[in-house]
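Colleague: Below are the sequence and a predicted model for it; my questions follow.
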Amino acid sequence: MNLLSAIDRIAFTIGGVDVAWYGIIIVIGMIAGLAIVCFECKRVNLNIDDAIELFLWLIPLAIIFGRLFYVLPRPDVYFPIESWDDFVDMIAVWDGGITIIGGIFGGIIGAIIFSVRMRKKCNFGNVVDLVIVPLLTGQIIGRIGNFINQEAFGIHIADPRFQHFPFAVYIDRPSGVELADKWMGEGWYAATFFYEMVWNFIGACIFFAIWRKNKRFPGILGFCYFFWYFLGRGLLEFLRLDAVPVTQVACFVLVPVSLILGAAYVLICMTRQSFRKVNNAVNDGMLDVTELDRFDIANYGFVVRLLGRKKGFAWKFYGVDEITVVNLGEEDYIVKVKTPWKLPKKKAVEKKTTKPPETV
């Protein structure tokens, strides 16, 4: 009945140092994520060496902030630090205790640093889109470790109809249960870690499809991830015995914020793309024959009024360098694009052909 109790949490021992299955599983999740990044990096103008550098920025910072966000909400356990042993206990990630929210925050910092270094190859939005599916893949694999550690499980399941996997798991040697008043002893508990695995798998499939098709909104997967993951995590916090109140609050704050910011980002992208459409027509002398809808015209007028105030961020954002008068419909708009937003045409490469020898 209890399959988990048959699995030793320690995989093997080297030189007196125990290597836990959880650590091995986490490493496997990282390697799987790196493999996906290496496979897909060409889509954002990066190579495998760049992908490895990205990995080296993301993972250490994710671990540091993941541990930091785990320690800070538990001051009664880790503070005050009065000795060297207390300090070691605070940073002892090898004993467990890393939160995904902190890991994501550290990963964002790593992605920003990498994007600045690689700004001539790709932008921050491309990097975000590149890492979202690998991130979810690593989380899915990492949750397998919760099976072995018997942790991150949910409420007690008393109904015999649901006392079996995948609805519940049998727990007899729990770890990480901080709310002792909710622990009801050996028995069946909600398999919340498995619920999260399924939720993340569905999200990974959806986001991978978007990643393949998305051309207009680089970075949109970041907003999608925050909405999807924290919605599922916030709901599961109602079931988990080791839930921390601040985590649940953070989840339900991030969900609407990410939704609003994502919608605003899409609107901003559409605005700039519409503006570019009109200006490309102006630069090419095709304004009279270019089909423009109401949004294009209204948006063009809005942007021009915005640009007419003074030079600043808006000029840089829309790529404006000098101004001139352009007649659009019944009004005259003042704007001139620095350069048209068109990809340079690839030079035709002549194929070398070997002529067959003349027959005599």
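Modeller: Sure thing, it's come through.

Colleague: who's residue 189 bridged to?
Modeller: On the basis of DSSP bridges, residue 189 is bridged to residue 156, residue 169.

Colleague: you'd agree residue 183 is up against residue 175?
Modeller: No: judged on Cβ atoms under 8 Å, residue 183 makes no contact with residue 175 at a distance of 11.4 Å. For every residue, glycine as well, the C-beta is placed using N, CA and C.

Colleague: and residue 113, what is it in contact with?
Modeller: By Cβ atoms under 8 Å, 6 or more residues apart in numbering, the residues touching residue 113 are residue 57.

Colleague: hmm, try it at 10 Å
Modeller: Going by Cβ atoms under 10 Å, 6 or more residues apart in numbering, residue 113 touches 54, 57-58, 61.

Colleague: List the buried residues of the top helix by length along the chain.
Modeller: Under DSSP state H, the helix in the chain containing the largest number of residues is helix 245-283. Residues 247-248, 250-252, 254-255, 258, 262, 265, 269, 271-272, 274-282 are the ones in helix 245-283 that count as buried (16 or more other Cβ atoms under 10 Å).

Colleague: and what of stretch 167-178?
Modeller: For stretch 167-178, a neighbour-count test (16+ other Cβ under 10 Å) marks 168-171, 174, 177 as buried.

Colleague: what's the answer for stretch 97-112, then?
Modeller: Per 16+ other Cβ under 10 Å, stretch 97-112 contains these buried residues: 97-108, 110-111.

Colleague: Assumed residue 19 was part of a strand.
Modeller: Yes: under DSSP: H, G, I helix; E, B strand; the rest coil, residue 19 falls within a strand.

Colleague: That one touches residue 26, doesn't it?
Modeller: No: Residue 19 is not in contact with residue 26 according to Cβ atoms under 10 Å; the separation is 11.6 Å.

Colleague: The two: which has the busier surroundings?
Modeller: residue 26 (19 against 13; other Cβ atoms under 10 Å).

Colleague: doesn't residue 140 make contact with the more buried one?
Modeller: No: using Cβ under 10 Å, residue 26 is not in contact with residue 140, being 12.0 Å away.

Colleague: would you list every one of the strands in this structure?
Modeller: Counting by DSSP state E, the chain has these strands, from start to end: 10-14, 17-20, 168-171, 187-190, 320-328, 331-337.

Colleague: Pick out the shakiest of those, pLDDT-wise.
Modeller: With a mean of 52, strand 331-337 has the lowest mean pLDDT of the strands of the chain.

Colleague: thinking again about what came up before, model confidence over the longest helix of the chain, on average?
Modeller: Rounded mean pLDDT across helix 245-283 is 86.

Colleague: So which residue is dead centre in this protein?
Modeller: Taking Cα atoms, centre = their mean, the centroid of the chain lies closest to residue 132, which sits 3.7 Å from it.

Colleague: ok, now which ones touch residue 114?
Modeller: The contact partners of residue 114, by Cβ under 10 Å, 6+ apart, come to 46, 50, 53-58, 122, 124, 127, 131.

Colleague: which one in those is the model shakiest on?
Modeller: Within these, lowest confidence goes to residue 122 (88).

Colleague: What are the neighbouring residues in contact with the residue lying closest to it once chain neighbours are set aside?
Modeller: Nearest-residue entry for residue 122: residue 44, 4.6 Å, with adjacent residues in sequence omitted and distances by Cβ to Cβ, 6 or more residues apart in numbering. Residue 44 is in contact with 37, 50-51, 118, 121-123, 125-130, 218, counting by Cβ under 10 Å, 6+ apart.

Colleague: Restricted to helices, list these.
Modeller: Using DSSP H, the contacts of residue 44 in helices are 37, 50-51, 125-130.

Colleague: picking up where we left off before, where does the residue nearest to the centre of the chain land on pLDDT?
Modeller: For residue 132, the predicted pLDDT is 95.

Colleague: which residue packs closest to it, ignoring adjacent ones?
Modeller: Residue 132's closest residue in space is residue 221 (Cβ to Cβ, 6+ apart), at 4.2 Å.

Colleague: Now do the same contact list for the one you found.
Modeller: Neighbours of residue 221 in contact, by Cβ under 10 Å, 6+ apart: 125, 128-133, 135-136, 206-208, 210-211, 214, 228, 262.
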